[in-house]
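K.L.:
can't give you the sequence, but here's the structure:
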């Protein structure tokens, strides 16, 4: 399903005309989510989901309430509106409630829905699976992969006259190859591509299959602190662990990594990471082509969060900014996220390493201690020992206990930033531009025979 | 012959890109003001189901089903007495509603699935066509046909019985209940933040299959949570208490957040001042509130047949358990008895029938430490040479495809007269008592887990001495359960619900329960995360 600007405007106008309150806000989300999944080199699921939803929020002074419905006929919309009105009137005042954002908001022009991605259907996905499985068979491994596609529209309208609209289409190709005897596993993938012609299923399958073959029968080595080379996927997961801390409120409330030593203070302006760490929200980035609509419908602009290791900005929502007498942020930390890279290749990183680990994937990362960003996680799907600048062979997976607070002070080389999802799954927007990283002194704490 | 992509896109409705909203967007579907919930045995759904099943048959599908669901959810959160707005504008007593259907078919030996929120006979027919097209398109990358275990046809209605309908409790009463909890916690001056929340979900589900089943089910889910956060110096700690169950408002009242609030606050403060635990091998006394997640991660997931067979290799992972291990693998000590159970009252994964139309059942997974059972559905039963499914198919939304999800997986209590928590503590020289769940992580084959908790007390020479911080333990699954030295008696067994169990692609969240009695586990490595 495709929802044009006119389609959506007609829906939000209809709700705004029906709903009576001091103010009304309508969020629309809808479109197609499709996916093809395969395992043991055969398709196991192929699906097309259509969904549409409006979230309706009504405001009465400092009271508000929201309801949602997926049906847009008069009866369903009327019911949702009346329920929101009733809930809002029965709620206590909320001093943190901010009025809807007023127009005009000057959104950057972003074309997120390129025709090949919009048209990317189940038959094309099945063909990519066939290409992948053919490579797997040639190499003698089993392929398990996932090709998600989103063709989605997000919009926000309010009774002040604001109308924000963004439609995008993107796809990913991710696979894990395993050797039939279960002793080797390899991963490769690319995510969040607006230009789906860049998906090369055969090439990615070669990478994953080769990793699976090369990782067979890994040997156990001692846990300890290692130089690690993180390919873009584990690097993206590591980057994700610091995003929450960019919120000003928990920092100023004294409950996040960005909190200062004294309650109410933060690390803004302090150098907390190495000189080579710069993290930005590059709204309008021509590769990411992500939403130009910020929190509450504000027009987003590029912002630098960390520059050369120094905290340059924290995210202030409109309420917290008003309370603290600061400027609010029209851009959230997850929007169009870019970590600046360098020009090193993985090969150069390996050649420069006396003893270390080449890591393909991080798995099941969970926080251990929020104030220090200490997290734990596992390596997975191909880890290799490096000795004297060369790959010495596969090694068994490690559990690690570390995090960006230490690791981003220990980056010695950076690769070119490439699109990679920062989340555990790949289903929602969340692709950033992330470089491979060489990090010194990363803490591996125990071993696992899991392959 | 697979249909062309162009044909597919036409059937998908790309022609809807016209000025103004497409007519179908306003198609009359369902009026909640006049139809507060689809009435039991409404003949409309049998009629509409028949549209899908007949169309699938006409298109040459060897199997088809259609599943309608309608979910209503409400969540309310209060922080320091102030009502919260959660992500997406929800959380402050706001309500969400979602209604739609999904059609699943097998054509050319492959699954196809499509779904829509536009519940009309015309759309049902169209979506059935899409599901069939998708299956046909997939056949080019097929190695073998889907093979389903047999199932009897059922024509039944089943529902979760509740004492008090959460939807009939006024919003004001719910908010007041939460405010009383945060107010009690805030009486402790060292508490920075006091948060209390509750949420409810009502689900109606109607499944019709080409095997002849017409099954209607009604579910209720209730959960509550109370958290207090305290900071001493740079140490910030949150103490949490929560309960989830397949039940009504009575479940929340029994959870008694107001009665526990003072203790939650005091323990948050004590934890923020606590000294780190000494590292090393220690005996652990684990309470049921903690064990739920451990059972989930290193028993329940490891015994899912689809994982074992490689279906989840690209995401959730595989398993250290092999099918050939059935009846042989020593999973734990003789005290270790685990059951899978879709029938347990108040269980979060309790159903009358699964989303394949298989009747709910209870069966053993581990008996006296030996692996004796696995979790299957119709698609995977043949992999363990079983003729019938164990009934583990589930989809969390009408929009999503059903696949193998874990049932309630419960650790059976020890026999009458088994040691209580106090007796376990008395039997420990150097150990830790652990309550609640915290940081948790496990490898993709479920060998190496690292688990934290919510609150920890040092045990020295048979006595609980002081609260400690910086606690995690490392478990290699079979070694961990091999060191299980005692399980509490039946009267100490507790049910604990869980949500957010992620699996599948697109990822879906499941909500099982994992009950247990307190356990004593010997010689486990503690504190390595903070070394």
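P.N.:
Here it is on my side, so go on. Being a predicted model, the structure only gives us computed values, none of them experimental.
K.L.:
Now do the same for residue 31: its pLDDT.
P.N.:
Since you didn't name a chain, this refers to chain A. Model confidence at residue A:31, expressed as pLDDT, equals 97.
K.L.:
Chain B was what I was after
P.N.:
Predicted confidence (pLDDT) for residue B:31: 38.
K.L.:
ok, now residue B:39?
P.N.:
We have a pLDDT of 56 for residue B:39.
K.L.:
now residue B:531
P.N.:
The model reports residue B:531 with a pLDDT of 77.
K.L.:
again with residue B:89
P.N.:
41.
K.L.:
Quick check: chain neighbours aside, which residue is closest to the closest residue to chain B within the stretch 151-300 of chain A?
P.N.:
Closest to chain B within the stretch 151-300 of chain A is residue A:176: 4.4 Å, counting by Cβ to the nearest Cβ. Placement of C-beta: from N, CA and C, glycine included. Leaving aside its chain neighbours, residue A:176 sits nearest to residue B:314 (4.4 Å; criterion: Cβ to Cβ, 6 or more residues apart in numbering or on different chains).
K.L.:
Please name the residues that touch the one you found.
P.N.:
Residues in contact with residue B:314 (Cβ atoms under 8 Å, 6 or more residues apart in numbering or on different chains) are A:37, A:39, A:144, A:145, A:146, A:174, A:175, A:176, B:505.
K.L.:
Kindly report the same for residue B:372.
P.N.:
Under the criterion of Cβ under 8 Å, 6+ apart, the neighbours of residue B:372 are B:326, B:327, B:364, B:365, B:366.
K.L.:
Can you turn the buried part of those residues into a ChimeraX selection?
P.N.:
ChimeraX command restricting the contacts of residue B:372 to the buried ones, with burial defined by 16 or more other Cβ atoms under 10 Å in any protein chain shown:
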select /B:326,365,366
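K.L.:
can the contacts of residue B:372 go into a markdown table with extra columns for secondary structure and distance to chain A?
P.N.:
Shown next, in a markdown table, are the contacts of residue B:372 (DSSP: H, G, I helix; E, B strand; the rest coil; distance: Cβ to the nearest Cβ, whole Å):
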| residue | secondary structure | distance to chain A |
| --- | --- | --- |
| B:326 | coil | 17 |
| B:327 | coil | 21 |
| B:364 | strand | 26 |
| B:365 | strand | 20 |
| B:366 | strand | 20 |
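K.L.:
quick check: longest helix of chain A.
P.N.:
Using DSSP state H to define each element, chain A has its longest helix at helix A:122-139.
K.L.:
Buried ones in that one, by neighbour count?
P.N.:
By 16+ other Cβ under 10 Å, the buried positions in helix A:122-139 come out as A:122-136, A:139.
K.L.:
which among those are in contact with chain B?
P.N.:
Subset of the buried residues of helix A:122-139 in contact with chain B: A:122, A:123, A:124, A:125, A:126, A:127, A:129, A:130, A:133, counting by Cβ under 8 Å from any Cβ of the partner chain.
K.L.:
got CSV for the residues you listed, with pLDDT too?
P.N.:
Shown next, in CSV, are these (pLDDT from 0 to 100):
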residue, pLDDT
A:122, 94
A:123, 94
A:124, 95
A:125, 96
A:126, 95
A:127, 96
A:129, 97
A:130, 97
A:133, 97
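K.L.:
Out of the residues you listed, flag the one nearest to residue B:194.
P.N.:
For those, the closest approach to residue B:194 (Cβ to Cβ) belongs to residue A:125, at 48.9 Å.
K.L.:
nearest residue to that closest one other than its sequence neighbours?
P.N.:
Excluding the flanking residues, the one nearest residue A:125 by Cβ to Cβ, 6+ apart is residue A:36, at 3.9 Å.
K.L.:
Now do the helix or strand hosting residue A:156: which elements does it pack against?
P.N.:
Using DSSP states H and E, residue A:156 maps to strand A:142-158. Packing contacts for strand A:142-158, counted by 3 or more Cβ pairs under 8 Å, 6 or more residues apart in numbering or on different chains; DSSP states H and E, involve helix A:5-18, strand A:23-39, helix A:115-118, helix A:122-139, strand A:163-178, helix A:201-214.
K.L.:
Phi first, then psi, for residue B:341.
P.N.:
Main-chain dihedrals, residue B:341, degrees, to the nearest 10: phi -150, psi 110.
K.L.:
What score does it have for pLDDT?
P.N.:
97.
K.L.:
wait, what's in contact with residue A:185?
P.N.:
Residues in contact with residue A:185 (Cβ under 8 Å, 6+ apart) are A:176, A:177, A:178, A:179, A:211, A:212, A:215, A:380, A:381, A:382, A:451, B:313.
K.L.:
Tell me the bridge partners for it.
P.N.:
Per DSSP bridges, the residues bridged to residue A:185 are residue A:178.
K.L.:
Chain A: helices as residue ranges?
P.N.:
Under the criterion DSSP H, chain A carries helices at the ranges A:5-18, A:74-89, A:115-118, A:122-139, A:201-214, A:232-240, A:248-252, A:318-324, A:346-351, A:404-407.
K.L.:
Only the buried residues of the third one, if you could.
P.N.:
Applying a neighbour-count criterion of 16+ other Cβ under 10 Å, the buried positions in helix A:115-118 are A:117, A:118.
K.L.:
Name the residues that touch it?
P.N.:
Outside helix A:115-118, the residues that touch it by Cβ under 8 Å, 6+ apart are A:2, A:149, A:151, A:169, A:170, A:171, A:193, A:194, A:195, A:196, A:197.
K.L.:
Hmm, residue A:329 and residue A:303 touching each other?
P.N.:
Yes. Here residue A:303 reaches residue A:329: they are 6.8 Å apart, a contact under Cβ atoms under 8 Å.
K.L.:
More neighbours: which of the two?
P.N.:
Using other Cβ atoms under 10 Å in any protein chain shown, the more surrounded residue of residue A:303 and residue A:329 is residue A:329, with 26 against 20.
K.L.:
and that one, how far is that from residue A:163?
P.N.:
Distance, residue A:329 to residue A:163, by Cβ to Cβ, to the nearest Å: 22 Å.
K.L.:
do residue B:188 as well
P.N.:
48 Å.
K.L.:
returning to what we had before: looking at the helices of chain A, which is nearest to residue B:200?
P.N.:
helix A:74-89 (13.7 Å).
K.L.:
Would you mark the buried spots in the closest one?
P.N.:
Using 16+ other Cβ under 10 Å as the burial criterion, the residues of helix A:74-89 that qualify are A:75-85, A:87-88.
K.L.:
Off-centre distance for it?
P.N.:
33 Å (Cα atoms, centre = their mean, to the nearest Å).
K.L.:
What residues does the stretch 401-531 of chain B have near chain A?
P.N.:
Contacts of the stretch 401-531 of chain B with chain A, taken as Cβ under 8 Å from any Cβ, map to B:401, B:403, B:439-448, B:450, B:452, B:470, B:472, B:474, B:502, B:505-507, B:528-531.
K.L.:
Now with 10 Å, please.
P.N.:
Contact residues (Cβ under 10 Å from any Cβ of the partner chain) of the stretch 401-531 of chain B with chain A: B:401, B:403, B:438-452, B:469-470, B:472, B:474, B:476, B:502-508, B:525, B:528-531.
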